[in-house]
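> Would you be able to build a 3D model of this:
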Amino acid sequence: IDDPGLQALIGDDELYAQLIDDVEVVDELMPKFDIQAVHAGEQTPVFFGSAMNNFGVQLFLDAFMEMGAAPTARAIESGEEFVSGAV
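I've put the predicted structure just below:
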(Lines give C-alpha, C1' and ligand atoms only; values in the text may rest on other atoms or scores of the structure.)
Protein backbone atom coordinates (compact mmCIF):
# COMPACT_ATOMS: atom_id res chain seq x y z
CA ILE A 1 0.00 0.00 0.00
CA ASP A 2 2.90 2.34 0.77
CA ASP A 3 4.66 1.52 -2.50
CA PRO A 4 4.69 4.67 -4.67
CA GLY A 5 4.47 2.52 -7.82
CA LEU A 6 1.30 0.71 -6.74
CA GLN A 7 -1.09 3.27 -8.23
CA ALA A 8 0.73 3.13 -11.56
CA LEU A 9 0.74 -0.67 -11.43
CA ILE A 10 -3.03 -0.77 -10.86
CA GLY A 11 -3.52 1.76 -13.64
CA ASP A 12 -6.97 2.90 -12.56
CA ASP A 13 -7.32 5.87 -10.18
CA GLU A 14 -10.82 4.88 -9.06
CA LEU A 15 -9.78 1.29 -8.34
CA TYR A 16 -6.70 2.52 -6.46
CA ALA A 17 -8.84 4.87 -4.33
CA GLN A 18 -11.20 1.98 -3.52
CA LEU A 19 -8.23 -0.17 -2.49
CA ILE A 20 -6.96 2.55 -0.13
CA ASP A 21 -10.45 2.93 1.39
CA ASP A 22 -10.84 -0.83 1.82
CA VAL A 23 -7.45 -1.17 3.49
CA GLU A 24 -8.31 1.64 5.91
CA VAL A 25 -11.56 -0.13 6.85
CA VAL A 26 -9.74 -3.42 7.43
CA ASP A 27 -7.07 -1.67 9.51
CA GLU A 28 -9.75 -0.09 11.70
CA LEU A 29 -12.03 -3.10 12.13
CA MET A 30 -9.71 -6.07 12.30
CA PRO A 31 -7.54 -6.77 15.32
CA LYS A 32 -3.81 -6.97 14.68
CA PHE A 33 -2.57 -10.46 13.86
CA ASP A 34 -1.44 -12.36 16.96
CA ILE A 35 -0.02 -15.85 16.41
CA GLN A 36 -0.51 -16.72 20.11
CA ALA A 37 -4.21 -15.88 19.77
CA VAL A 38 -4.39 -18.12 16.68
CA HIS A 39 -2.79 -21.01 18.55
CA ALA A 40 -5.19 -20.45 21.47
CA GLY A 41 -8.17 -20.56 19.09
CA GLU A 42 -9.08 -16.94 19.82
CA GLN A 43 -8.27 -15.52 16.39
CA THR A 44 -8.56 -16.88 12.87
CA PRO A 45 -6.26 -15.75 10.09
CA VAL A 46 -7.97 -14.63 6.88
CA PHE A 47 -6.52 -15.28 3.44
CA PHE A 48 -7.70 -14.08 0.04
CA GLY A 49 -7.05 -15.99 -3.14
CA SER A 50 -8.45 -18.31 -5.76
CA ALA A 51 -7.59 -21.97 -6.18
CA MET A 52 -9.35 -21.91 -9.54
CA ASN A 53 -7.01 -19.19 -10.82
CA ASN A 54 -4.02 -20.29 -8.71
CA PHE A 55 -3.90 -16.84 -7.14
CA GLY A 56 -2.50 -16.79 -3.62
CA VAL A 57 -2.50 -20.57 -3.20
CA GLN A 58 1.23 -20.95 -2.62
CA LEU A 59 1.26 -17.94 -0.25
CA PHE A 60 -1.57 -19.55 1.74
CA LEU A 61 0.15 -22.95 1.90
CA ASP A 62 3.46 -21.41 2.97
CA ALA A 63 1.79 -19.31 5.68
CA PHE A 64 -0.33 -22.26 6.84
CA MET A 65 2.77 -24.42 7.27
CA GLU A 66 4.67 -21.65 9.03
CA MET A 67 1.98 -20.64 11.50
CA GLY A 68 0.48 -24.04 12.19
CA ALA A 69 1.07 -25.45 15.64
CA ALA A 70 2.74 -28.81 16.03
CA PRO A 71 0.43 -31.69 16.99
CA THR A 72 -0.06 -32.00 20.73
CA ALA A 73 -1.92 -34.27 23.12
CA ARG A 74 -5.51 -33.33 23.83
CA ALA A 75 -7.44 -33.89 27.02
CA ILE A 76 -10.31 -36.35 26.84
CA GLU A 77 -13.71 -34.89 27.69
CA SER A 78 -15.16 -36.05 30.99
CA GLY A 79 -17.17 -39.24 30.69
CA GLU A 80 -15.17 -40.58 27.75
CA GLU A 81 -13.01 -43.61 28.40
CA PHE A 82 -11.02 -43.60 25.19
CA VAL A 83 -10.64 -41.87 21.86
CA SER A 84 -11.11 -44.04 18.81
CA GLY A 85 -9.95 -41.53 16.21
CA ALA A 86 -9.03 -37.96 15.48
CA VAL A 87 -10.21 -35.49 12.92
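> right, and residue 10 touches residue 16 too?
Yes - between residue 10 and residue 16 there is a contact under CB atoms under 8 Å: 4.8 Å. Bear in mind the C-beta positions are built from the backbone N, C-alpha and C, glycine included.
> for the chain, what spans make up the helices?
Under the criterion DSSP state H, the chain contains helices at 6-10, 13-29, 35-39, 57-67.
> Can you name the residues that contact residue 67?
If a contact means CB atoms under 8 Å, 6 or more residues apart in numbering, then residue 67 has 35, 38, 45 as its contacts.
> So which of those residues is the closest to residue 4?
Among these, residue 45 lies closest to residue 4 (CB to CB), at 28.4 Å.
> Isn't the closest one up against residue 38?
Yes - under the criterion of CB under 8 Å, residue 45 is in contact with residue 38, at a separation of 6.1 Å.
> you'd agree residue 60 is up against residue 47?
Yes - here residue 60 lies in contact with residue 47, judged by CB under 8 Å, at a distance of 4.7 Å.
> what's the burial count for residue 10?
Number of residues near residue 10 (other CB atoms under 10 Å) recorded here: 14.
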